[in-house]
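In: return a 3D structure for these sequence lines:
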Amino acid sequence: MKLSPAGVEALKQYEGLSLTAYRDSGGVWTIGYGSTRDVREGMRISQAEADQRFLADTEWAQAAVRTDVVVPITQPQFDALVSLAYNIGAGAFAKSTLVRLLSARYRLGPGPASAGRRGRSCCRPRRQIGRRHQLHQIG
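Out: Okay, here's the model as predicted:
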């Protein structure tokens, strides 16, 4: 499975675009659509370079989901999991409670609106969408 065009657009929208390097909330130099690879203070890139970085950077996130999620998932679920991996890193994704629960035969599905009430403001739009999904035990 690959990140869908809708997943690409959603992730780009969540990340936002900056063609000039900036320090993110953790103090890490970031550019483009959240790329931290080889970024230096004062760096500038073009839209085309931002798109190239995004495609390269999402490849490892897609690989993490394909490797770590061992249960069948839908395309929208894959897209959401790639977004999570992209934001927390492959190592943290592999060790995440979500991956552990999925591996324990829970599935993503419709859930109550109470999911994801707390957290950083940067994650709120993603959590607002994520409220529609919650884990449910299979069989």
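In: need the contact list for the residue positioned nearest the centre of the chain.
Out: When CA atoms, centre = their mean is applied to the chain, the residue found nearest the centroid is S83 (1.6 Å). Neighbour list for S83: 7, 10-11, 14, 61, 126 [criterion: CB atoms under 8 Å, 6 or more residues apart in numbering]. To be clear about C-beta, it is placed using only N, CA and C from the backbone, and glycine gets the same treatment.
In: the residues you listed: which two are farthest apart?
Out: Largest separation among the contacts of S83 by CB to CB: A61 and R126, giving 14.1 Å.
In: sorry, back to before: how much space between the residue nearest to the centre of the chain and G89?
Out: 13 Å (CB to CB, to the nearest Å).
In: and what of D68?
Out: D68 is 12 Å from G89, by CB to CB.
In: and those two? Which one has more around it.
Out: It is D68, of D68 and G89, that has more neighbours when counted by other CB atoms under 10 Å, with 19 against 15.
In: that one contacts A92, doesn't it?
Out: No: contact between D68 and A92 fails when scored by CB atoms under 8 Å: they sit 10.8 Å apart.
In: helix/strand/coil for Q52?
Out: helix (DSSP: H, G, I helix; E, B strand; the rest coil).
In: how about the CA coordinates for stretch 70-90, as PDB?
Out: Extracted in PDB, the C-alpha atoms of stretch 70-90 (Å, rounded to 0.1, in the frame of the first residue of the first chain):
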ATOM      1  CA  VAL A  70       0.700  -6.600  10.700                       C
ATOM      2  CA  VAL A  71      -3.100  -6.500  10.500                       C
ATOM      3  CA  PRO A  72      -5.200  -5.600   7.400                       C
ATOM      4  CA  ILE A  73      -6.000  -1.800   7.300                       C
ATOM      5  CA  THR A  74      -7.800   0.400   4.800                       C
ATOM      6  CA  GLN A  75      -6.300   3.100   2.700                       C
ATOM      7  CA  PRO A  76      -7.500   5.900   4.900                       C
ATOM      8  CA  GLN A  77      -6.100   4.100   7.900                       C
ATOM      9  CA  PHE A  78      -2.800   3.600   6.200                       C
ATOM     10  CA  ASP A  79      -2.700   7.300   5.300                       C
ATOM     11  CA  ALA A  80      -3.400   8.300   9.000                       C
ATOM     12  CA  LEU A  81      -0.700   5.900  10.300                       C
ATOM     13  CA  VAL A  82       1.800   7.300   7.800                       C
ATOM     14  CA  SER A  83       1.000  10.800   9.100                       C
ATOM     15  CA  LEU A  84       1.600   9.500  12.700                       C
ATOM     16  CA  ALA A  85       4.900   7.900  11.700                       C
ATOM     17  CA  TYR A  86       6.000  11.000   9.800                       C
ATOM     18  CA  ASN A  87       5.400  13.100  12.900                       C
ATOM     19  CA  ILE A  88       6.900  10.900  15.600                       C
ATOM     20  CA  GLY A  89       9.500   9.000  13.700                       C
ATOM     21  CA  ALA A  90       9.900   5.400  12.700                       C
END
